[in-house]
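*Asks:* output the structure for:
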Amino acid sequence: MFFLFLGTLLILAAGAVILLFVMRLRLIEAAAAHPSPVILAGRYRPMLRLLSDDDFRFVSANPEMRKALLAQRRGLFRSYLRCLARDYGTLLAGLRHAMAQSGVDRPDLAHALVRNRLVFAIALCKAEIRVALFAAGIGRVDVSGLVGALDSLRAQAGMLQPASVAAR
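*Replies:* Model prediction:
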């Protein structure tokens, strides 16, 4: 009986993770339809310290204030994650467009972009799972990899654009 319950729980958890992954892939793809303005390199740097322990030590004497601050920060962090995914999708769409307009066939680059998109979606899922665990008091949240991936993709997109477009 216990193993049946545990198996059912594992299947439900796996289904939830798969659903989250598919939703993140769709979020990245949806961003291509809504281009955003210039993506600044430092735009997501505040995420790196948003859930740091420094601010929470300050309010540790007041449990209600700590709980409210944690909830507010998690909400802001999730908003940053959504914006990060949209910006990533916009950059990815720009790279795809540049590839389509190019006179050179680059299947290796197309394969790298597909792989990069999957890796980014997995990293988004990991970040969201870590935020949920953080809310339960387990572990820490580190998004330096996501921010670094966006910065890297932004730099690559800048190299592919003509100088007249990049100068805007």
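*Asks:* for the helix or strand containing R117, packing partners?
*Replies:* Using DSSP states H and E, R117 sits in helix 107-135. Using 3 or more Cβ pairs under 8 Å, 6 or more residues apart in numbering; DSSP states H and E, the elements in contact with helix 107-135 are helix 2-30, helix 63-101, helix 144-160. All C-beta spots, glycine's among them, are computed from the backbone N, C-alpha and C.
*Asks:* to A136, which of those helices lies closest?
*Replies:* For A136, the closest of the helices and strands packed on helix 107-135 is helix 63-101, at 10.9 Å, according to Cβ to Cβ.
*Asks:* angle of that closest one against helix 107-135?
*Replies:* Computed by axes from the mean of the first three to the mean of the last three Cα atoms, to 10 degrees, the angle separating helix 63-101 from helix 107-135 equals 170 degrees.
*Asks:* roughly how far is helix 63-101 from the heart of the chain?
*Replies:* Put simply, helix 63-101 sits 6 Å off its chain's centre (Cα atoms, centre = their mean, to the nearest Å).
*Asks:* before we move on, what about stretch 51-63?
*Replies:* In this view, stretch 51-63 has its centroid 25 Å away from the chain centroid, taken as Cα atoms, centre = their mean.
*Asks:* can you pull the buried residues of it?
*Replies:* Across stretch 51-63, burial judged by 16 or more other Cβ atoms under 10 Å covers L51.
*Asks:* outside of it, which residues touch it?
*Replies:* Contacts to stretch 51-63, defined as Cβ atoms under 8 Å, 6 or more residues apart in numbering, come from residues 65-66, 69-70, 73-74, 77, 131, 134, 140-141.
*Asks:* what do you get if the cut-off is 6 Å, keeping everything else the same?
*Replies:* Residues outside stretch 51-63 that contact it (Cβ atoms under 6 Å, 6 or more residues apart in numbering) are 65-66, 69, 73, 77, 141.
*Asks:* thinking again about what came up before, so for the helix holding R117, mean pLDDT?
*Replies:* Averaging pLDDT along helix 107-135 gives 84.
*Asks:* list the buried residues of that helix.
*Replies:* Neighbour counts over helix 107-135 (16+ other Cβ under 10 Å) mark 109, 113, 116-117, 120-121, 123-128, 130-131, 134 as buried.
*Asks:* if we can go back for a sec, now rank the contacts of stretch 51-63 by neighbours and give me the top one.
*Replies:* Highest neighbour count within the contacts of stretch 51-63: V141, with 22 neighbours (other Cβ atoms under 10 Å).
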